[in-house]
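*Asks:* Turn this into a model:
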Amino acid sequence: MTPNLHLWLIPILPLIGATINGVFGKRFSRQTVTGIAWTFSGAAFAMALWVVSQFSSLVLPYTEQLSPWIQAGAFHAEFGFYLDQLTLIMLLIVTGVGLLIHIYSVGYMWEEGGFYRFFSYLNLFLFFMLTLILASNYLVMFIGWEGVGLASYLLIGFWFTKDSAASAGKKAFIVNRIGDFGFLLALFLIIQHFGTLDFTQVTSAVMPYGIEAGWGFLTAIAILLMVGACGKSAQIPLYVWLPDAMEGPTPVSALIHAATMVTAGVYMVSRSHAIFERAPIALTIVAIIGTLTAFFAATIGITQTDIKKVLAYSTVSQLGYMFMACGVAAFSAGIFHLMTHAFFKGLLFLAAGSVIHSVGGEQDMRKMGGLRKKIPWTFWSMTAATFAIAGIPGLSGFFSKDEILWRAYQANWIYWLIGVITAFITSFYMFRLWFMTFFGEYRGEAESGHGHGHGHDAHGSHGHGHGGIHESPKVMLIPLVILAFLSVFGGYVGVPASLGGSNHFDQFLAPVFHSTIPSASAEQATAGESATPEQNTEGAEPKTGHSTELIFTGISVFAGFLGLFLAWLLYYRRPQLPQEIALSLGGLYRSVVNKYYVDEIYAAVFVKPLIGLSRGVFWHGVDQHVIDATLDDSAAGASEVSGVVRRMQSGNLRSYAGWIAFGAAVVIAYMIWTGTR
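*Replies:* I've put the predicted structure just below:
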């Protein structure tokens, strides 16, 4: 007998916490606010673990339809929740990493104003993110999709009195609306062609279709879904909001912009794999966008000096790897990297926050150095994450990134080549961060002058009053240690056969991502469709043997160590060289430092013309000269008429009698005139 899991409780629990702290938190002590936030986020994680304990007894996919929602003719949408292997992995990532970041945030935000508001927003984010991944149809997913955008806006702009933070929040909100427009159009097309938004029903409706030979409706749906994913997961050309999102508190960067929200696009594309598998043009677009994003963002990360900005562009780049995997139909590889990335990138941001905390709010790596002995727990935690993201063998990032590169090579060697170059660049800029932050001599202000206020992060306006550089409190270090353990060992669930493993992670997701494409001999469901061509789908046999795979693994490992060596040479052995190289590169270096002037180009092409149109046409032209002028002229005319009519109200009986006689004469004259016609 299948148990009732009451999945609705998982998102509702953090919503209760958000409501209590949001409504009453101002009256609570910080300890009470902390207890509420921890209790309800911890309860959601406990519920997820309980679901794990019941998982083997379920008939999958497991659904819970809570109530009817929309009924319009033949179309109807239920408000329900959905559970399969993919959902379970996302549940554990969001609730587990989310709880650790809630714990860490107490130490990081303890001296900040709006403490209760911050934790209300964090709980609210968990509610929407859990709604997104538990949704049984695209419409419920869209509620969570928009909700995490709202929570992201609130958390990025948490320090709303700071103009840069308020602007960053608005930028994230607006850019995501562009992507969401594409997502909505995709939903309308799905309704038009399949009459439902339910995941199971859409998959069943898509099953009879073969691969589209050209541009068909499945390709259109897939491309529009990808537009939505580009906004949420910061892919070219909609990636520009994510680096600015670092204006929010560092725990926000760890929770939303590394571990969970930005991966929603990868999850949505993976959940829609049945559509994408039948749209090879869309898959190619996904792969190209992911590959270019991975490389493009990595090159920008080389020159950044703000420790959080380096990690921000690294996040964009790693998301590109995930989309590269989805683009070659290696969806389980993409989700595998999503999971390991949640571990090591969440840890990188939290460790960066610990560094910022220890040096009084400073974020410029040029003013750091020599911190490894002063903050050893933070140093070793960040070391684990740095080696993991660089793809050093034995750590989690090595297994997940290497699987993506191998599957990319099987699809198109160009993807693989750009991916390996990106892996080298990733290793270089991450070890650059590592050496600049923890090695050499301390380059900041005198230690006695540190106030340890990380309020507004770089500005440090809220001092903690602790003198000197010191390690973070245990409430911040415990999540670092746990994430460091996961960053080191979390990849062993996906050891490939070429390295003596059996890739349990891929096997676990196989029922979700098994190929749903009919055989080439099956009758095609739509006119103009060709027989199913050979492509790199989940479960496809490898094109080459394990020995070849090991060779390519060796190449990617060499790229990682080459990046480590080059960073050691430039930022430890000969630290004067980077400045000399930068001067020799001239304009190219300035272009990379200025992020290829993409923001300036967007401002010139889109923002300034829209502002000019709004002010010149809609404000001055329409609002002032048409709407306001019409109202103002009407008011002036009414005033003039009332001035004349007012003279009729003199209070003189003889005057009233005269006006009555005049009116009667006019009426009689009108009657005579009409009677004679």
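*Asks:* number of nearby residues for the closest residue in space to Leu88 that isn't next to it in sequence?
*Replies:* Excluding the flanking residues, the one nearest Leu88 by CB to CB, 6 or more residues apart in numbering is Phe55, at 6.3 Å. C-beta: built from backbone N, CA, C; applies to glycine. Counted with other CB atoms under 10 Å, the neighbours of Phe55 add up to 15.
*Asks:* same question, Leu218
*Replies:* Leu218 has 26 neighbours, counted by other CB under 10 Å.
*Asks:* That one: what's it in contact with?
*Replies:* By CB atoms under 8 Å, 6 or more residues apart in numbering, Leu218 lies in contact with Val206, Tyr209, Glu212, Ile275, Arg278, Ala279, Ala282.
*Asks:* List the contacts of the first one.
*Replies:* With contact set as CB under 8 Å, 6+ apart, Val206 has these partners: Phe194, Leu218, Ala274, Ile275, Arg278, Thr516.
*Asks:* Could you list the low-pLDDT ranges of the stretch 551-677 of the chain?
*Replies:* By pLDDT under 70, the low-scoring segments of the stretch 551-677 of the chain are 644-645, 647-651, 653, 677.
*Asks:* repeat that with 90
*Replies:* 575-590, 592-597, 599-600, 602-677 (pLDDT under 90).
*Asks:* can you give me the helices for it?
*Replies:* Listed in chain order, the helices of the stretch 551-677 of the chain (DSSP state H, counting those that start in this stretch) span 577-585, 587-593, 598-602, 608-613, 629-646, 653-675.
*Asks:* Include distance to Ala287 and mean neighbour count when you put those helices into CSV, please.
*Replies:* Output for those, formatted as CSV (distance: least, CB to CB, whole Å; neighbours: other CB atoms under 10 Å):
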stretch, distance to Ala287, mean neighbour count
helix 577-585, 30, 12
helix 587-593, 25, 13
helix 598-602, 22, 13
helix 608-613, 32, 11
helix 629-646, 55, 10
helix 653-675, 82, 10
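*Asks:* Distance to Tyr409 added to these, as CSV?
*Replies:* Formatted as CSV, those follow (distance: least, CB to CB, whole Å):
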stretch, distance to Tyr409
helix 577-585, 31
helix 587-593, 28
helix 598-602, 30
helix 608-613, 43
helix 629-646, 67
helix 653-675, 94
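*Asks:* Could you point out which of those sits nearest Phe128?
*Replies:* Between Phe128 and those, the tightest spacing by CB to CB is seen for helix 598-602, at 27.5 Å.
*Asks:* returning to that earlier point: and of the contacts of Leu218, the nearest to Gly179?
*Replies:* Ala282 (15.5 Å).
*Asks:* hey, C-alpha coordinates of the strand or helix carrying that closest one in CSV?
*Replies:* Assessed by DSSP states H and E, Ala282 sits inside helix 280-301. Extracted in CSV, the C-alpha atoms of helix 280-301 (Å, rounded to 0.1, in the frame of the first residue of the first chain):
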residue,chain,number,x,y,z
PRO,A,280,17.5,18.6,-32.0
ILE,A,281,17.7,22.2,-33.1
ALA,A,282,16.7,23.4,-29.6
LEU,A,283,19.2,20.9,-28.0
THR,A,284,21.9,22.4,-30.2
ILE,A,285,21.0,25.9,-29.1
VAL,A,286,21.0,24.8,-25.5
ALA,A,287,24.5,23.3,-25.9
ILE,A,288,25.9,26.3,-27.8
ILE,A,289,24.5,28.8,-25.2
GLY,A,290,25.8,26.7,-22.3
THR,A,291,29.3,26.2,-23.9
LEU,A,292,29.7,29.9,-24.7
THR,A,293,28.4,31.0,-21.4
ALA,A,294,30.8,28.7,-19.6
PHE,A,295,33.8,30.1,-21.5
PHE,A,296,32.7,33.7,-21.6
ALA,A,297,32.0,34.0,-17.9
ALA,A,298,35.2,32.2,-17.0
THR,A,299,37.4,34.7,-18.9
ILE,A,300,35.8,37.6,-17.0
GLY,A,301,36.5,35.8,-13.7
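*Asks:* Spatially central residue in this protein, please.
*Replies:* Residue closest to the mean C-alpha point of the chain, counted by CA atoms, centre = their mean, is Val262 at 2.1 Å.
*Asks:* my read: that residue touches Cys230, true?
*Replies:* No - using CB atoms under 8 Å, Val262 is not in contact with Cys230, being 11.2 Å away.
*Asks:* Do a quick rundown of the helices in the stretch 301-450 of the chain.
*Replies:* Counting by DSSP H, counting those that start in this stretch, one finds helices in the stretch 301-450 of the chain at the ranges 307-327, 331-358, 376-389, 396-411, 413-438.
*Asks:* burial measure for Thr19, as a count.
*Replies:* 17.
*Asks:* Name the SS class of it, please.
*Replies:* helix (DSSP: H, G, I helix; E, B strand; the rest coil).
*Asks:* Without its sequence neighbours, what residue ends up closest to it?
*Replies:* Ser120 (7.9 Å).
*Asks:* Kindly report the same for Phe349.
*Replies:* In space, Phe349 is closest to Ala254, 3.7 Å off (CB to CB, 6+ apart).
*Asks:* where does that neighbour sit relative to Gly157, distance-wise?
*Replies:* 17 Å (CB to CB, to the nearest Å).
*Asks:* Over to Met476?
*Replies:* Distance from Met476 to Gly157, by CB to CB: 23 Å.
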